[in-house]
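*Asks:* Give me a 3D structure for the following:
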Amino acid sequence: MSNQQWQQFLSGAGARFDGAGASFGDRLAAVRLALEGDVLVDLSHEGLIAVRGADAPGFLQNLLTTDIPRVSEHRSQLSAWCTPKGRVLALFRVIYRDDAFYLQLPGDLLERTLSRLRMYVLRAKVGLEDASDELVRIGLSGSTVAAGLRRALGACPERVDDVMQSGSLTLVRLPGPRPRLHALGPPEAVQPLWRALARDACPAGPEAWALLDILAGVPTVTHGTADAFLPQMLNLQALGGVSFTKGCYPGQEIVARTHHLGTLKRRLYLARAETDVAPEPGDPVYARGAEGTAGTVVNAQRHASGGVVLLVVVQISAAETEELRLADASGPLLRLQPLPYEV
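*Replies:* Numbers count the residues shown, from 1 in each chain. Predicted structure coming up:
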């Protein structure tokens, strides 16, 4: 299997494997590298679903929050799958290659998501498979990554969501304050790319990539936060992850009504907190004077300079006027930070 071949390659490059993915030495040092230099990250810990068949475009169009016909060999999307009440069950990076749509999502959601998606197939000419071992996925980040790709492949996707096909490799440009890309392909294609980029970039573990996602303001929906948020609460309208003009999909009426009536009361914020322990997705956020919780932790990761950096969904009124704290009313203070995009 390709995953075994890839793991052998990474082991030769000094990787150690645990439940969190491949790591290369000190994890906090890797986080520092991600902030200051160029990094290569193995993304095998993330799940990948392949959707194939003549009816695959229509199948996904009827389920996800974006216009799937706009996904092509040259364009990817961030897209959500919601409950009938408009709550996000899963958030995917949708990529098209080799006559298949690939949905990238956290590994802890893969089995449940795949099982539930298959329930919608009915008579459609669609096949859904766990493709996590089919393609190797790596993350690339840093100021010289684009130049390295141009040297290795002759070109690089320039704009967010742009896709470039190079032989059996697929490269996807991702949002963020630093240049970031995904690369997907069979191990025999990804290995020489890794070697070429490793001349200037350092291997890093999944915590480095998680930090870069957080600083980019890109949420990751995990087991602890599935079925908790509307797409707009996760700022998906600012990330190209929801269309307000397409036809029906699960939860579309509620998502559209919230948009057109301007009734959103919570949204995603970037924050810092002075604590050595990163909270878990789903942990509460409190505000002085508020009854009950004022928000929820979406993602959190330790920062190389100390403390943690977080994405939190918080009541807009509390974020604008109140003191926010983690875990309880006397927990670590949250300091809101500017997002790298307009909401």
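
*Asks:* Which stretches in the stretch 151-300 of the chain count as strands?
*Replies:* Per DSSP state E, counting those that start in this stretch, the stretch 151-300 of the chain carries strands over the ranges 163-166, 169-174, 180-185, 202-204, 266-273, 284-287, 295-302.

*Asks:* which stretch in those has the least confidence?
*Replies:* If the strands of the stretch 151-300 of the chain are sorted by mean pLDDT, strand 202-204 sits at the bottom with a mean of 91.

*Asks:* List the strands paired with it, with their directions.
*Replies:* strand 39-42 (parallel) (DSSP bridges).

*Asks:* coming back round to it: among the strands of the stretch 151-300 of the chain, which is nearest S141?
*Replies:* S141 lies closest to strand 180-185 among the strands of the stretch 151-300 of the chain, at 4.6 Å (CB to CB). (C-beta placed from N, C-alpha, C; glycine too.)

*Asks:* Kindly tell me how buried the closest residue to L211 other than its chain neighbours is, as a neighbour count.
*Replies:* Distances taken as CB to CB, 6 or more residues apart in numbering put Q301 closest to L211, at 4.4 Å, once the chain neighbours are dropped. Neighbour count for Q301, taken as other CB atoms under 10 Å: 21.

*Asks:* Can we start the residue count at 57 from this point?
*Replies:* Understood, numbering begins at 57; the last thing we discussed is Q357.

*Asks:* Looks like Q357 contacts E263 (just checking).
*Replies:* Yes - applying CB atoms under 8 Å, one finds Q357 in contact with E263, separated by 6.0 Å.

*Asks:* any shared contact partners between the two?
*Replies:* With contacts taken as CB atoms under 8 Å, 6 or more residues apart in numbering, Q357 and E263 have V87 as neighbours in common.

*Asks:* Each with direction, which strands does the helix or strand bottoming out on mean pLDDT in the chain pair with?
*Replies:* Scoring the helices and strands of the chain by mean pLDDT, DSSP states H and E places strand 77-79 at the bottom, with a mean of 78. Here strand 77-79 is paired, per DSSP bridges, with strand 72-74 (antiparallel).

*Asks:* outside of the partner strand, which residues touch it?
*Replies:* Q63, L66, S67, A78, S79, F80.

*Asks:* go again using 6 Å as the cut-off
*Replies:* Here strand 72-74 makes contact (CB atoms under 6 Å, 6 or more residues apart in numbering) with S79.

*Asks:* now stretch 86-101
*Replies:* Under the criterion CB under 6 Å, 6+ apart, residues 66, 77-78, 163, 193-195, 197-198, 200-201, 253, 256-265, 267-268, 360 lie in contact with stretch 86-101.

*Asks:* same deal with stretch 297-315?
*Replies:* In this structure, residues lying in contact with stretch 297-315 by CB under 6 Å, 6+ apart are 119, 121-123, 134-136, 138-140, 142, 287-288, 292, 320.

*Asks:* Buried only: go through these for me.
*Replies:* L119, T121, T122, L134, S135, A136, C138, G142, P287, Q288, L292 (16 or more other CB atoms under 10 Å).

*Asks:* Could you identify the most distant pair in these?
*Replies:* So, the buried ones among the contacts of stretch 297-315 by CB to CB: farthest apart are L119 and Q288, at 18.4 Å.

*Asks:* got the contact list for C212?
*Replies:* A202, L205, R206.

*Asks:* Among those, which lie within helices?
*Replies:* Residues from these lying in helices, with DSSP state H as the criterion: A202, L205, R206.

*Asks:* Got a ChimeraX select line for the buried ones in the residues you listed?
*Replies:* Entered in ChimeraX, the line below selects the buried ones among those, by 16+ other CB under 10 Å:
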select :202,205
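
*Asks:* Format the ones in helices among the contacts of C212 as a markdown table; extra columns: pLDDT and distance to H238.
*Replies:* Listed next are those as a markdown table, based on pLDDT from 0 to 100; distance: CB to CB, whole Å:
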| residue | pLDDT | distance to H238 |
| --- | --- | --- |
| A202 | 92 | 14 |
| L205 | 96 | 12 |
| R206 | 96 | 17 |
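
*Asks:* Can you tell me which of the ones in helices among the contacts of C212 is nearest P231?
*Replies:* Of all the ones in helices among the contacts of C212, A202 has the smallest distance to P231: 14.6 Å, by CB to CB.

*Asks:* my read: the closest one touches R234, true?
*Replies:* No - the criterion here is CB atoms under 6 Å, and A202 misses it with R234 at 10.6 Å.

*Asks:* Quick check, central residue of this structure?
*Replies:* T276 (4.9 Å; CA atoms, centre = their mean).

*Asks:* ok, now which ones touch it?
*Replies:* Listed by CB under 6 Å, 6+ apart, the contact set of T276 reads P162, N355.
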